[in-house]
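Engineer: please find the sequence and the predicted model below.
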Amino acid sequence: MSVLNEESRKSGDSTAMPNIKVFSGTSHHDLTQRIVDFLGIELGRVETKKFSNLETCVEINESVRGEDVYIVQSGCGNVNDNLMELLIMIHACKIASASRVTAVIPCFPYSRQDKKDKSRAPISAKLIANMITVAGADQIITMDLHASQIQGFFDIPVDNLYAEPAVLDWIKQNIPDWKNSIIVSPDAGGVKRVTSIADKLNAEFALIHKERKRANEVSSMVLVGDVKDRVAILIDDMADTCGTICHAADKLVIAGACKVYAILTHGILSGPALSRIEEAPFEAVVVTNTTPQEGNMTKCSKLKCIDVSRIFGEAVRRTHNGESVSYLFCNVPY
């Protein structure tokens, strides 16, 4: 980022970002506000309401003709309602002659349904990709997709940002003995993510092999690696009911780990997740604010949050100006 652009952004000079509108869905208004504060622009005016039959109604209350529009809506909370709201907002901006509409989806909905793993199973992530494209989106910005092949479900550009740079910063600033750490993947699918972080920290890594009886229920776990007298850091992209990471934490303590942390990009934290975290032997469970966490943090003392709004804000700025976003794969903007 040039010094001139940086100074203009900090001073709130709207001429630094002409022809851009950022709108917020109802799923995560706080994150959108942080993004526009980073950019130094005003949040777009939009009104969302429901009719008595629960149909969603969206009104864009300012002109978007010829504008570069960004709609921020995360796949959390009432997922289906929020998804429908996103589709309607994209469509509303498109037929109002916006020059480009980019859907900023920090936590991509239905991302765990990314393959046909049994007979008659749907590939719901592909269906969502089709719906967003048909609604009129020209580009997608998201973070830590559960499966990277979801990018291939779209016929439009998809920028899959990584929380890894922010995670590395958090580890170095908040875990005093991080140099004695071992990075642990709670399942085989996360090995690539874990080895990347372990390499950058010059640390060893371990793997927990798990078998599931059914969704959200783990039947057995086997630890591969030596964690004795180490600080074990569990890394994963998503935490829903937290059964897996809590079982993994117990396994690591039994294996001799002196401290256990968990760092997870998307803290969905549904059902008994918060009570499980409180009872588990964690020093801290760290999530990003791709989903709202204010309420969860008041209920769970072990829960910590990493702000990724700067990453999304810089991605929007670079996309708007036609610059590469690959810088963000290894760096956190300041």
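Structural biologist: Now that the structure is in, tell me what you want to look at. Everything quoted here is computed from the prediction, not taken from an experiment.
Engineer: which residues of this protein fall in helices?
Structural biologist: 3-10, 29-39, 79-95, 124-135, 164-174, 191-201, 243-254, 273-279, 294-299, 309-320 (DSSP state H).
Engineer: would you mind saying which of the ones you listed lies nearest residue 101?
Structural biologist: Closest to residue 101 of these is helix 79-95 (CB to CB; 5.0 Å). Any C-beta I mention is one placed from the backbone N, CA and C, and that applies to glycine too.
Engineer: can you say which of the helices of the chain is packed in most?
Structural biologist: helix 309-320 (a mean of 22; mean count of other CB atoms under 10 Å).
Engineer: so what's the gap between it and the chain middle?
Structural biologist: A distance of 14 Å separates the centroid of the chain from that of helix 309-320, by CA atoms, centre = their mean, to the nearest Å.
Engineer: return the list of helices and strands in contact with that helix.
Structural biologist: strand 20-24, helix 29-39, strand 68-72, strand 100-105, strand 139-143, strand 158-161 (3 or more CB pairs under 8 Å, 6 or more residues apart in numbering; DSSP states H and E).
Engineer: who's in contact with residue 98?
Structural biologist: 21, 64, 65, 66, 67, 68, 69 (CB atoms under 8 Å, 6 or more residues apart in numbering).
Engineer: neighbours around the closest residue to the fourth one other than its chain neighbours, how many?
Structural biologist: Ranked by CB to CB, 6 or more residues apart in numbering and with sequence neighbours excluded, the top spatial neighbour of residue 66 is residue 99, at 5.2 Å. Using other CB atoms under 10 Å, residue 99 has 13 other residues around it.
Engineer: quick check: residue 99 touching residue 93?
Structural biologist: No - judged on CB atoms under 8 Å, residue 99 makes no contact with residue 93 at a distance of 10.0 Å.
Engineer: residue ranges in the stretch 151-300 of the chain under the pLDDT threshold?
Structural biologist: Low-confidence segments of the stretch 151-300 of the chain (pLDDT under 70): 211-219.
Engineer: check what pLDDT the residue of the chain most remote from its centre gets.
Structural biologist: The C-alpha centroid of the chain is most remote from residue 52, which lies 32.4 Å away (CA atoms, centre = their mean). pLDDT recorded at residue 52 is 94.
Engineer: list the contacts of it.
Structural biologist: With CB under 8 Å, 6+ apart, residue 52 has no contacts at all.
Engineer: residue 46 and residue 28, how far apart?
Structural biologist: 14 Å (CB to CB, to the nearest Å).
Engineer: which of these two has more neighbours?
Structural biologist: More crowded of residue 46 and residue 28, by other CB under 10 Å: residue 28, with 24 against 20.
Engineer: dump stretch 36-47 to PDB, restricted to CA.
Structural biologist: The C-alpha trace of stretch 36-47 is given here as PDB (Å, rounded to 0.1, in the frame of the first residue of the first chain):
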ATOM      1  CA  VAL A  36     -15.500   0.300   6.200                       C
ATOM      2  CA  ASP A  37     -13.700   2.000   9.100                       C
ATOM      3  CA  PHE A  38     -10.500   0.400   7.700                       C
ATOM      4  CA  LEU A  39     -11.300   1.700   4.300                       C
ATOM      5  CA  GLY A  40     -12.200   5.200   5.500                       C
ATOM      6  CA  ILE A  41     -15.600   5.200   3.800                       C
ATOM      7  CA  GLU A  42     -19.300   5.300   4.900                       C
ATOM      8  CA  LEU A  43     -21.300   2.200   5.200                       C
ATOM      9  CA  GLY A  44     -24.000   1.900   2.500                       C
ATOM     10  CA  ARG A  45     -27.600   2.400   3.400                       C
ATOM     11  CA  VAL A  46     -29.800  -0.700   3.100                       C
ATOM     12  CA  GLU A  47     -33.000  -1.700   4.900                       C
END
